[in-house]
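K.L.:
Here you go, sequence then predicted model.
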Amino acid sequence: MKWIYDLSYEMLKTEFAGANLKKFTTDQVFQWLYFKNIQDVNLWSNISKTDRQFLESNYNTSLIGVVRATGDEHGTRKFLLELHDKLRIEAVLIPEKHHFTFCISTQAGCPLACRFCATGLLGFKRNLTAGEIISQILVLKNEIRYYTGKLNIVLMGMGEPLLNYENLEQALKIMTSAKAMNISPRNITISTSGILEPLKRFEKTFPRVKISFSLNASDDLMRETLMPISKKEKLADILDYFRDTKLDRIHRITFEYVLLKGVNDSTQDARKVAALLRGIPCKINVIPYNRNESLPFKTPSEQEVNAFADYLHEKGYTVIVRWSKGKEIRSACGQLAGEE
Ligand code: SF4
C-alpha cells in the first residue's frame, strides 16, 4: 500500500485517472489531507463511499508516529517522531507572541558533522521523503487543531535541507500550494550551511522563501574547524554570491551565529564578522550555545553575549539575540533523538 504523503498532486492525479476516479477527486483528497488535516478516509464526506473504499484499500493515510513529546513552561513542545523504518527524528512547536513556529527536520541525522551540533554526533542515516517532511507539519498542526492564524515553518531541525533537494522541493510545493497547505512562502525559512549550487537553484525556484545561513565563525579557518563542509564550500564564494545577488532578493539573508564561549565570541570575532558581511543586506541572529553534555563547548555569559551583539549593532547591523527556547526539554538540534 502506498503512503499517500509521498505522492505529489500530479502523481495522485495520474493514479486516480487510471483508476477512473472523478476528475476533482485529487483536489478533494488534497483538501482533506493538507488543509483540513483529517486522516480518516471515512470522514471524507464529499467523496462517494465506493471511491473512499478504493482510497482506503490502496493508500495509507496515517501520519508518522509520535514516540514522545516534552514541553517547557513557555509552551515550547518538542516531538520525537518515528518513521516507518523505526528511525527517529525531531520536530519542535514554538508558540510566539502572534503566531506559531514549527521547526522541521529534512534528514534523519546529518552528514555535515558540525562540531557543536548534537545531530552531527548521530551521523547520517538517510534523507527524509517529501511525505516525511510534510507529515511533521501535520503532526504539529494536530496539536493546535483549532488555531487558524499564521504559521512559520523553519526547515532548521535535523539535517541540511539542500542535500535533500528533490524531496525538499516536493514538500515545499505542497506547503505553498493553494490546493494543499496554502502557507505563504514568506513564512517559510530554510536554514543551510551553504551548499552553493543547490542554493542558487533553490533561490531561482523559490525566490520568496527566506534563507538563513549558518555562519558561526569569523574567518575561514575557524569555520573549517567548526563546520567541515566549509573546506569544500568556501565561505568567500557563498558571501560573494549573497553580495552579488542582493538586488534579486526580496528579503534579507539571516546569518545565524552560534556563540561558543572562548571560541568565536571575542570582540575581535565580532569585528571580523562585521567586515565579512559588509555589503550584504542581512540580519544577524546571535544564538548563545545550548550546552550538551556530549560536546566540549560552553555557553558564554549574558555579558559576553551582549558585548558581541552590541558591537555588531553599533556597526549598523540588525542583531537579534536568541536564547534557546526549551533548554529544559533539550530543544537544541539533535538532542532528543541523540538521547534515544
Ligand atoms: S548544525 Fe545543521 S548542518 Fe551542521 S551537523 Fe547540525 S544539522 Fe547538520
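P.N.:
Noted; the coordinates are in hand.

K.L.:
what does this structure have sitting close to the ligand?
P.N.:
Contact residues, the chain versus the ligand (Cβ under 6 Å from any ligand atom): C110, L112, A113, C114, C117, T119, G120, M158, G159, E160, S193, C333. To be clear about C-beta, it is placed using only N, CA and C from the backbone, and glycine gets the same treatment.

K.L.:
Just the ones of the residues you listed in helices?
P.N.:
Judged by DSSP state H, the residues of the chain next to the ligand include T119, G120 as members of helices.

K.L.:
Mind putting the residues of the chain next to the ligand into TSV with neighbour count and pLDDT?
P.N.:
TSV is the format used below for the residues of the chain next to the ligand (neighbours: other Cβ atoms under 10 Å; pLDDT from 0 to 100):
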residue	neighbour count	pLDDT
C110	26	93
L112	21	94
A113	16	92
C114	23	93
C117	25	89
T119	27	84
G120	22	81
M158	29	92
G159	30	94
E160	25	95
S193	25	94
C333	26	54
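
K.L.:
and the gap between the residue of the chain most remote from its centre and Q39?
P.N.:
Distance from the centre of the chain peaks at T50, with 38.6 Å (Cα atoms, centre = their mean). Going from T50 to Q39 by Cβ to Cβ, to the nearest Å gives 20 Å.

K.L.:
Once you drop chain neighbours, what's closest to I174?
P.N.:
Using Cβ to Cβ, 6 or more residues apart in numbering and skipping the chain neighbours, the partner closest in space to I174 is A180 (4.6 Å).

K.L.:
That neighbour touches F30, doesn't it?
P.N.:
Yes - the criterion here is Cβ atoms under 8 Å, and A180 meets it with F30 at 5.1 Å.

K.L.:
Overlap of the contact sets of those two?
P.N.:
Between them, A180 and F30 share these contacting residues under Cβ atoms under 8 Å, 6 or more residues apart in numbering: Y9.

K.L.:
Show me the helices in the stretch 1-150 of the chain, by range?
P.N.:
Per DSSP state H, counting those that start in this stretch, the stretch 1-150 of the chain carries helices over the ranges 9-18, 25-30, 49-58, 118-122, 130-143.
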